[in-house]
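> Pasting the sequence and the predicted model now:
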Amino acid sequence: MKIIADNRRARLDYEFLDELEVGIVLLGQEVKSAKGGGLRLRGSYARLHDGALWLVGAYIAPYPPAGPLAGYDPQRSRKLLAHSREVLRIMGRMKTERLTLVPKEAYTRGGRIKLALALARSKRAFEKRAAIRKRELQREIGRSVRKKAV
């Protein structure tokens, strides 16, 4: 399993409650570009439309060796592949608890590109500050331990 894109910003902005692995429908050129590092997940999210999951706002750069593709939109919505019972479970929780479906990372498994989606609750400003403060404190403790060991 090779991670090809990571949504680091989502870790700061959201509290993850549940995780789901889904496939993604791509064009051939998009697959080559994504595997080559041309996939950006920052600011993207998944939504339900007509009983299916769609990835909105993800950017997949055009694949340069293939040449320009007429009418290609790098930020088009892309269909996500998931089992219907998972979609129903997610849909129920999203409506009752006011949650968001955010992509955490994209990776390859058996030659196919998969997305790790997280059912997430948005953090408020004070929660983000507390998380940053906690992370800084852990770094400071690690530094002091390393200094004492030397």
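Received the coordinates, thanks. Residues are numbered from 1 along each chain as shown.

> Touching whichever helix or strand Arg139 is part of from outside, list them.
Per DSSP states H and E, Arg139 falls inside helix 125-149. The contact list for helix 125-149 (CB atoms under 8 Å, 6 or more residues apart in numbering) reads Leu12, Asp13, Glu15, Lys123. Yep, even glycine has a C-beta here, placed from its N, CA and C like the rest.

> try it again with 10 Å
Arg11, Leu12, Asp13, Tyr14, Glu15, Arg121, Ser122, Lys123, Arg124 (CB atoms under 10 Å, 6 or more residues apart in numbering).

> and if you look at stretch 62-73?
By CB under 10 Å, 6+ apart, stretch 62-73 touches 27-36, 38, 60, 74.

> Among these, which ones are in strands?
Of these, the ones assigned to strands by DSSP state E are Ile60.

> Which of the contacts of stretch 62-73 has the largest number of neighbours?
Highest neighbour count within the contacts of stretch 62-73, by other CB atoms under 10 Å: Ile60, with 25 neighbours.
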